[in-house]
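J.: fold the following and give me the result.
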Amino acid sequence: MNVPIYIQIKNELKKDIEKGVYQSGEKIPSERELSEQYKISRMTGRQAINELVKEGLVIREKGKGSFVAPPQFLQENIRSFTDTLLEQGYEPSTELLEFNTVYNLKEISRKLDEEPSTYYYKIKRLRFANNLPVALETVYIPKCKCKDLENHNLRGSLYEILKEYGYTIQSISCDIEACLSSKAIMGIFQLKKPTALLKVEGVNYTVDGEKLFYEEAYYKSSMYRYHVDIYKR
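T.: Numbering: from 1, shown residues only. Here you go, the predicted structure:
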């Protein structure tokens, strides 16, 4: 069975992307360049690039060309960010942006069934996949539940740290919504223009059903997929 020329070219470009010949964010050959290289029509070159776009390997930018899409990872169960990336072949890293003690957080205290006067650790971290910023996470956890948290490596897995305190996360009740990056987040993510993000916020529960901490996170939608199973009651 003969494989169409545009599929053959698509497969060659795909191999080059997977081997790192073309890195994330790097421009791939244009339709014209492909037509000259393979002695084909520009239409055939366009078809090859369209196939890469369909597979999520390439993104088009009007007036600029086609570029290798950033890596995308999938979140479909309760695992730490670190473990999720490692499992899918990415190299995780973390920058600790803020670690403070805060209080008088009435709305968060209400969601966690805590007193309004409760003191919290505020942990704000920028998460990376293969050195590309992917997520901005802010966690609020009652100080009384994790004393001396500052003595731990907060650039690693928070879930693993919590296990040292006897806590294992069993479930998360969260809201997910699309939003545009604010100027502050654009600066943190190194974005040149407002970009679509996924905002995920909610409460993390332990195996005993205890509300342990509240988290607000922003994820680059181009690099992050969230899988949810929905069942009929």
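J.: which residue ranges of the protein form strands?
T.: Secondary structure of the chain (DSSP state E): strands located at 58-61, 65-68, 73-75, 92-102, 120-129, 132-142, 169-180, 196-206, 211-220, 224-226.
J.: ok, of the ones you listed, where does mean pLDDT dip lowest?
T.: Mean pLDDT is lowest for strand 73-75 among the strands of the chain, at a mean of 53.
J.: how does the chain divide up, domain by domain?
T.: 5-68, 73-226 (automatic domain parsing).
J.: for the ones you listed, give me TSV that also has mean neighbour count.
T.: (Each C-beta comes from the backbone N, C-alpha and C, glycine too.) Below are the domains of the chain laid out as TSV (neighbours: other C-beta atoms under 10 Å):
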stretch	mean neighbour count
domain 5-68	15
domain 73-226	15
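J.: quick revisit: so which of the strands of the chain comes closest to Gln37?
T.: Closest of the strands of the chain to Gln37 is strand 65-68, at 14.6 Å (criterion: C-beta to C-beta).
J.: got the contact list for stretch 115-122?
T.: With contacts defined as C-beta atoms under 8 Å, 6 or more residues apart in numbering, stretch 115-122 is touched by 98-106, 108-110, 112, 138-144, 146, 149-150.
J.: the strands of the chain: which one's closest to Gly45?
T.: In terms of C-beta to C-beta, the element of those nearest to Gly45 is strand 65-68, at 10.3 Å.
J.: return that closest one as CSV; C-alpha atoms alone will do.
T.: Presented in CSV, the C-alpha positions along strand 65-68 are these (Å, rounded to 0.1, in the frame of the first residue of the first chain):
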residue,chain,number,x,y,z
GLY,A,65,5.1,30.4,10.2
SER,A,66,4.8,27.0,11.9
PHE,A,67,6.6,26.2,15.2
VAL,A,68,7.2,23.2,17.4
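J.: which strands and helices sit next to it?
T.: Judged by 3 or more C-beta pairs under 8 Å, 6 or more residues apart in numbering; DSSP states H and E, the packing partners of strand 65-68 are helix 42-54, strand 58-61.
J.: worst mean pLDDT among the ones you listed?
T.: Mean pLDDT is lowest for strand 58-61 out of the helices and strands packed on strand 65-68, coming in at a mean of 87.
J.: so for the longest helix that the chain contains, mean pLDDT?
T.: Ranked by number of residues, the top helix in the chain under DSSP state H is helix 5-19. For helix 5-19, mean pLDDT rounds to 89.
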